[in-house]
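Enquirer: got a predicted structure plus its sequence, pasted below:
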Amino acid sequence: MERSIQLSSGRAVLDADLRLVDDALGLVVFAHGSGSSRKSVRNLSVARALGAQRLSTALLDLLTADEAEVDAIDSRFRFDIPHLARRLGDATDELLSHPALRHLPFGYFGASTGAAAALMAAADRPDVIGAIVSRGGRPDLASHALAMVRAPTLLIVGGADTAVLRLNQTALDQLQHAELAIVAGATHLFEEPGALDHVGNLAGEWLSRHLANANRRAGGAPSTRRAR
């Protein structure tokens, strides 16, 4: 089932697209990156891959239409990670109250600056968010929150995205339970043939496994740091 919904954050009304699958293992809330939207072709591709792994998805815009127009001119909102994290957290809280969703474990999929917002929002909701995937993320923009993130986190980075790769390698040591997955030859947007499919497979495996085990992990996850 697919439908458009609206979620509230303070006075702002955020547009979202909800895709529910039968016998879902969990709900994955997407936080898009700089200058993108819930209609991002890359995020839609990953959402389809997650659906094949029995994961429902909620793709939302963290900015209103008016804010997005302003941001396209001066980029004033896209790097305001606390603002984006508050929006994501408020949207998550409202989704949790939805009768069709309240029984599901929740995860986050964040891209670029959206990954920083996801990490910060997850740090504020340690008992709600059961797993996180970051695609080409900027965890350095949420550095003060990384040590408080309890959810198992997969950092996916393109092997040719050298600057972002270094930032993620540094973040790996600050997260309690994280792995780094490097997609060989891929650049920041994973535009190379097969790269985005690989991202979808990695994200689907990680999120389905950890959300399926979310109740078992409720007592606390072990600290692990390893690259693959």
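Expert: Received the coordinates, thanks.

Enquirer: which parts of the protein are strands?
Expert: Here the chain has its strands, by DSSP state E, at 2-9, 12-19, 26-31, 55-60, 106-111, 129-135, 153-158, 177-183, 224-227.

Enquirer: out of those, nearest to residue 210?
Expert: strand 129-135 (3.7 Å; Cβ to Cβ). For glycine as for every other residue, the C-beta is placed from the backbone atoms N, C-alpha and C.

Enquirer: and the closest one with strand 177-183, angle?
Expert: 30 degrees (axes from the mean of the first three to the mean of the last three Cα atoms, to 10 degrees).

Enquirer: let's have the strands of the chain in a markdown table, adding mean neighbour count and distance to residue 165.
Expert: Compiled in a markdown table, those are given as follows (neighbours: other Cβ atoms under 10 Å; distance: least, Cβ to Cβ, whole Å):
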| stretch | mean neighbour count | distance to residue 165 |
| --- | --- | --- |
| strand 2-9 | 14 | 32 |
| strand 12-19 | 18 | 31 |
| strand 26-31 | 28 | 20 |
| strand 55-60 | 25 | 26 |
| strand 106-111 | 29 | 15 |
| strand 129-135 | 29 | 12 |
| strand 153-158 | 25 | 5 |
| strand 177-183 | 20 | 7 |
| strand 224-227 | 11 | 10 |
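
Enquirer: for these, which has the smallest mean pLDDT value?
Expert: Sorting these by mean pLDDT places strand 224-227 lowest, at a mean of 38.

Enquirer: okay, and the beta partners of the nearest residue to residue 6 once chain neighbours are set aside?
Expert: In space, and not counting its chain neighbours, residue 6 is closest to residue 13: 5.2 Å by Cβ to Cβ, 6 or more residues apart in numbering. Following DSSP bridges, residue 13 is listed with bridge partners residue 8.

Enquirer: next up, the contacts around residue 31.
Expert: For residue 31, the contacting residues are 60, 62, 84, 88, 108-111, 114-115, 117-118, 121, by Cβ atoms under 8 Å, 6 or more residues apart in numbering.

Enquirer: I'd like those laid out as a markdown table, including distance to residue 135.
Expert: Converted to a markdown table, the contacts of residue 31 look like this (distance: Cβ to Cβ, whole Å):
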| residue | distance to residue 135 |
| --- | --- |
| 60 | 16 |
| 62 | 16 |
| 84 | 16 |
| 88 | 15 |
| 108 | 11 |
| 109 | 7 |
| 110 | 7 |
| 111 | 5 |
| 114 | 9 |
| 115 | 7 |
| 117 | 13 |
| 118 | 10 |
| 121 | 16 |
